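Participant: below is the sequence, then the predicted model.
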Amino acid sequence: MSCLIIVDVQNDFMEGGSLEVKNASEILKPINRLRDRHNFDMVVLSKDFHPLKHVSFASTHANKKPFDTVKTKSNSPQLLFPDHCVQNTYGSEFNKKLKVLESDTIITKGMNVDVDSYSAFFDNDKLSKTPLDNILKKNSIKNVYVCGLATDFCVSYTCLDAKSLGFNTFFLKDASRGISTESVEAAIKKMKESNINIIETEDLIRST
Ligand code: VGL
Ligand code: ZN
């Protein structure tokens, strides 16, 4: 059984959004085409969904700007971002050009004001778990295909956790974009070292 995980394709990460990812909209066509051309047993969409004053917002901390770091309450380093994906704002909504079906499973994350959550499986301190692992295991999912935004944060963290939880994990490179070139390269290196398969949507469509 296979699952497509579409990570954080939300307005704030699209061009013009508060935490925009360069060329983010280029992933919409390959993702929608993949959904049309390949039959996944399940499709999951993750949603970054922060309360106001979230620990990852530079605006929450005095004299800090985006991409500075702070220490969280649990003493872990936290990279800061512009306010983004605030619950129930336009920026938190899925981009309207993304194909979303009634049958898709939506996983929200980042709701704890004190802890960030890049991965769709765990928060960054690995203290709390989303329902995703249980849902996938209950559905006998063995292969997970991960795409979306941003490669250097939520996409690669989701891939690494999927692999460590025992799933056969594939990163869909052409259906993902990242925030910075250097950290995208580092994330891809780490995924390769962790035996995550790096593929293109076309590889999957061709094999169907
Ligand atoms: C993300 C930074 C902060 C992401 C979310 O979706 O990759 N990155 N929050
Ligand atoms: Zn976030």
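Facilitator: Done, it's in. Ligands and ions are numbered 1, 2, ... in the order given.
Participant: please make it C-alpha for all contacts and neighbour counts, starting now.
Facilitator: Fine.
Participant: does the longest helix anywhere in the chain come close to ligand 1?
Facilitator: Counting residues, the longest helix found in the chain (DSSP state H) is helix 181-193. No: for helix 181-193, no contact with ligand 1 is found by CA under 6 Å from any ligand atom; the gap never falls below 11.0 Å.
Participant: quick one: contacts of that helix?
Facilitator: Outside helix 181-193, the residues that touch it by CA atoms under 8 Å, 6 or more residues apart in numbering are 151-152, 156, 159-160, 178, 197-198.
Participant: out of those residues, list just those in strands.
Facilitator: Using DSSP state E, the members of the contacts of helix 181-193 that fall within strands are 197-198.
Participant: run through who's touching stretch 48-68.
Facilitator: So stretch 48-68 is in contact with 8, 72, 78-87, 92, 108-116, going by CA under 8 Å, 6+ apart.
Participant: now list the buried members of those.
Facilitator: 8, 78-87, 92, 108-111, 115-116 (16 or more other CA atoms under 10 Å).
Participant: for the chain, just list every one of the strands.
Facilitator: So, for the chain - with DSSP E - the strands run 2-7, 42-48, 69-71, 77-79, 105-109, 143-149, 168-177, 197-199.
Participant: return the most buried member of those strands.
Facilitator: Of all these, strand 143-149 has the most neighbours on average by mean count of other CA atoms under 10 Å, namely a mean of 25.
Participant: just checking, what packs against that one?
Facilitator: strand 2-7, helix 156-164, strand 168-177 (3 or more CA pairs under 8 Å, 6 or more residues apart in numbering; DSSP states H and E).
Participant: so which of the ones you listed is nearest residue 27?
Facilitator: Each of these has some distance to residue 27 by CA to CA; the shortest is strand 168-177, at 4.6 Å.
Participant: for that closest one, which strands pair with it and how are they oriented?
Facilitator: strand 143-149 (parallel), strand 197-199 (parallel) (DSSP bridges).
Participant: next to ligand 1, which bits of this protein? Give me the list.
Facilitator: So the chain meets ligand 1 at 8, 48, 118, 149-150, 153-154 (CA under 6 Å from any ligand atom).
Participant: can I get those in TSV with distance to residue 18 and pLDDT?
Facilitator: What follows is those, written out as TSV (distance: CA to CA, whole Å; pLDDT from 0 to 100):
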residue	distance to residue 18	pLDDT
8	14	99
48	13	98
118	17	98
149	14	98
150	14	98
153	16	98
154	16	98
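Participant: could you dump the residues you listed into a markdown table with distance to residue 141 added?
Facilitator: A markdown table is the format used below for the residues of the chain next to ligand 1 (distance: CA to CA, whole Å):
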| residue | distance to residue 141 |
| --- | --- |
| 8 | 21 |
| 48 | 23 |
| 118 | 22 |
| 149 | 22 |
| 150 | 24 |
| 153 | 24 |
| 154 | 21 |
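Participant: which one of those residues is nearest residue 139?
Facilitator: Out of those, the member with the shortest distance to residue 139 (by CA to CA) is residue 8, at 22.2 Å.
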